[in-house]
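Student: only geometry, no sequence info:
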């Protein structure tokens, strides 16, 4: 993380190139130069990769992944991987590994992970589209799409106060480019172009970053359009419009394409996890599906889980109460019996100025010792503070509670619909249950809010019984 932030485009480029991501620039340059040479060998490329033992291990691990190696042929050496999978595939793998080593070594925020998630998702969709259209180098399409918004990714991974300033402006519904210009003095796509020049990225990567229009850069643009359509819903007008474009390009039917896009989305989630971008993997949107929202096939299973966890809580309350077990059961009840994407229980700090993660489900941290932390701020009052002032908890949405989604809230959870249920002893705040559907984007319901409140009430009952057992 940058301590003293740069003040203009040139200094941001210099800092990211020399201080924050130097291995990315040097390694990619060596690989680009080698791949462009006429006389290239597997051993030459292997020597560059094996110069970094950590990179070698990652390339070997991921080259055995079914996405890159559908034949499942076992790769035991880097040279073998290059011979079997080809120069371009290994080039893609290596650059992606180096990129994520550079950005995931830092403490990523929600906005940074949103950018990483979008980059991976769009890259996978674009590469699949390249294959369907017979492109001769689909791996180059993957890399070009992944790196198209590298300025946004780098900025959000390494920014501090300047990132907060941009978020505050975006929160006021100021358009993205205008907010960036006002806070930074330049647009982040200009940072992408500047980094592209500094890192000497060439070919389709350079063309896409500089918005050169041709048939292959069109694949990159469509790759970026697909996740936006998915986020609007598989049955939305945006998705129909996107499918029309894809059908015209590939000759495939809407049904075939929709199935392919779903599979690509699932692949993107797995690939993000494979590269260590666990938080980002949870932010890759599968999207709401109107056909499945009202009659989900796992309703009976959810009811079974709900009944079992409520039985476990009831049994716990009838004996000597263990608070850790009680809170963990309540979190599991909310998460599994309702069907949430992320859930957690947080304890209030002694001064009641922050909440700290105690138990969480599907809420991956970048580091083992990195805890979820929410600040309870009053100037202005943020979503967490507002929830902790409510006796019944809140069902929050970015539309209805826009003013409370401050930059800290957006950095902590994103801009998502969620349940926030505080836990008190008398008027003393003990903690807060939090749950959302940030990945699947399915709307929450009143019935689900009532069920979440029921589990929180069970935890409150157990907490008060625990006091009597002392």
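Tutor: Sure thing, it's come through. Nothing here was measured: the structure is a model prediction, and the numbers come from that model.

Student: quick one: residue 372 from residue 59, how far?
Tutor: Relative to residue 59, residue 372 is positioned 32 Å away (C-beta to C-beta, to the nearest Å). All C-beta atoms are positioned from the backbone trio N, CA, C, and that covers glycine.

Student: please disregard the earlier target; I meant residue 71.
Tutor: In this structure, residue 71 and residue 59 are 17 Å apart, going by C-beta to C-beta.

Student: point to the helix or strand of this protein where mean pLDDT is at its lowest.
Tutor: Sorting the helices and strands of the chain by mean pLDDT, DSSP states H and E puts helix 290-293 at the bottom, at a mean of 47.

Student: mind checking the SS state of the residue most central in space within the chain?
Tutor: Nearest residue to the geometric centre of the chain (C-alpha atoms, centre = their mean): residue 280, 2.2 Å. Recorded secondary structure, residue 280: helix (DSSP: H, G, I helix; E, B strand; the rest coil).

Student: I figured it hits residue 274, correct?
Tutor: No. Applying C-beta atoms under 8 Å, one finds residue 280 not in contact with residue 274, separated by 11.6 Å.

Student: tell me which element residue 70 falls in.
Tutor: Counting by DSSP states H and E, there is no helix or strand that carries residue 70.

Student: number of residues surrounding it?
Tutor: The local packing of residue 70 (other C-beta atoms under 10 Å) involves 8 other residues.

Student: quick one: contacts for it?
Tutor: Residues near residue 70 by C-beta atoms under 8 Å, 6 or more residues apart in numbering: none.

Student: how near is residue 440 to residue 147?
Tutor: 28 Å.

Student: so if I had to pick from those two, which one is more boxed in?
Tutor: residue 147 (27 against 16).

Student: skipping adjacent residues, who's closest to the more buried one in space?
Tutor: Nearest residue to residue 147, sequence neighbours excluded (C-beta to C-beta, 6 or more residues apart in numbering): residue 205, at 5.4 Å.

Student: what's the neighbour count on residue 259?
Tutor: 12.

Student: which one of residue 372 and residue 59 has more residues nearby?
Tutor: Between residue 372 and residue 59, residue 59 has the larger neighbour count (other C-beta under 10 Å), namely 26 against 19.

Student: domains of this structure?
Tutor: Under the assignment automatic domain parsing, the domains of the chain span 9-281, 299-469.

Student: which residues touch stretch 42-61?
Tutor: Counting by C-beta under 8 Å, 6+ apart, 23, 27, 30-31, 34-35, 75-79, 81-83, 87, 90-91, 93-94, 97-98, 101, 274 sit against stretch 42-61.

Student: may I see the PyMOL selection of the buried members of these?
Tutor: For the buried members of those, the matching PyMOL selection, counting by 16 or more other C-beta atoms under 10 Å, is:
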select buried, resi 27+30+31+34+35+75+78+79+81+82+83+87+90+91+93+94+97+98+101+274
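
Student: now intersect the contacts of stretch 42-61 with the helices, please.
Tutor: Secondary structure defined by DSSP state H assigns 23, 27, 30-31, 34-35, 78-79, 81-83, 87, 90-91, 93-94, 97-98, 101, 274 of these to helices.

Student: excluding chain neighbours, what is closest to residue 156?
Tutor: In space, residue 156 is closest to residue 112, 3.9 Å off (C-beta to C-beta, 6+ apart).

Student: does that neighbour really touch residue 153, like I thought?
Tutor: Yes. Here residue 112 reaches residue 153: they are 7.0 Å apart, a contact under C-beta under 8 Å.

Student: quick check: neighbours shared by these two?
Tutor: Common contacts of residue 112 and residue 153, defined by C-beta under 8 Å, 6+ apart, comprise residue 103.

Student: strands of this protein, start to end?
Tutor: 342-348, 354-361, 373-375, 394-396, 418-425, 428-436 (DSSP state E).

Student: can you put those in TSV and add mean pLDDT, distance to residue 64 and mean neighbour count?
Tutor: Below are these laid out as TSV (pLDDT from 0 to 100; distance: least, C-beta to C-beta, whole Å; neighbours: other C-beta atoms under 10 Å):
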stretch	mean pLDDT	distance to residue 64	mean neighbour count
strand 342-348	94	30	24
strand 354-361	92	29	18
strand 373-375	89	36	18
strand 394-396	95	43	22
strand 418-425	95	38	22
strand 428-436	95	34	22
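
Student: ok, which of those strands comes nearest residue 254?
Tutor: strand 428-436 (30.4 Å; C-beta to C-beta).

Student: which other helices and strands does that closest one contact?
Tutor: Other elements packing on strand 428-436 under the criterion 3 or more C-beta pairs under 8 Å, 6 or more residues apart in numbering; DSSP states H and E are helix 323-338, strand 342-348, strand 354-361, helix 383-388, strand 418-425, helix 446-469.

Student: and residue 274, what does it touch?
Tutor: Residue 274 neighbours (C-beta under 8 Å, 6+ apart): 61-62, 65, 67.

Student: so of the residues you listed, which ones are in helices?
Tutor: Those of these lying in helices (DSSP H): 61-62.

Student: neighbour-wise, give me the winner out of the contacts of residue 274.
Tutor: residue 62 (20 neighbours).

Student: test my guess that that residue contacts residue 97.
Tutor: Yes. At 7.0 Å, residue 62 counts as touching residue 97 under the criterion of C-beta under 8 Å.

Student: now do the shared contacts for those two.
Tutor: In contact with both residue 62 and residue 97: residue 275, using C-beta under 8 Å, 6+ apart.

Student: thought residue 384 was touching residue 355?
Tutor: Yes. Counting by C-beta under 8 Å, residue 384 does reach residue 355; the two are 6.3 Å apart.

Student: give the residues shared as contacts by these two.
Tutor: Counting by C-beta under 8 Å, 6+ apart, the residues touching both residue 384 and residue 355 are 374-376, 432.

Student: and the two most separated of those residues?
Tutor: 375 and 432 (12.2 Å).

Student: wait, what's in contact with residue 22?
Tutor: No contacts exist for residue 22 under C-beta under 8 Å, 6+ apart.

Student: and it, how far from residue 42?
Tutor: From residue 22 over to residue 42 the distance is 27 Å, taken as C-beta to C-beta.

Student: contacting residues for residue 431?
Tutor: Residue 431 neighbours (C-beta under 8 Å, 6+ apart): 327, 345-348, 355, 358, 422-423.

Student: how near is it to residue 388?
Tutor: Residue 431 is 9 Å from residue 388, by C-beta to C-beta.

Student: check residue 341 too.
Tutor: 23 Å.

Student: which residues of the stretch 301-450 of the chain score low on pLDDT?
Tutor: Counting by pLDDT under 70, the stretch 301-450 of the chain contains low-confidence ranges at 364-370.

Student: got the buried residues for stretch 302-310?
Tutor: Applying 16+ other C-beta under 10 Å to stretch 302-310 flags 305-306, 309-310 as buried.
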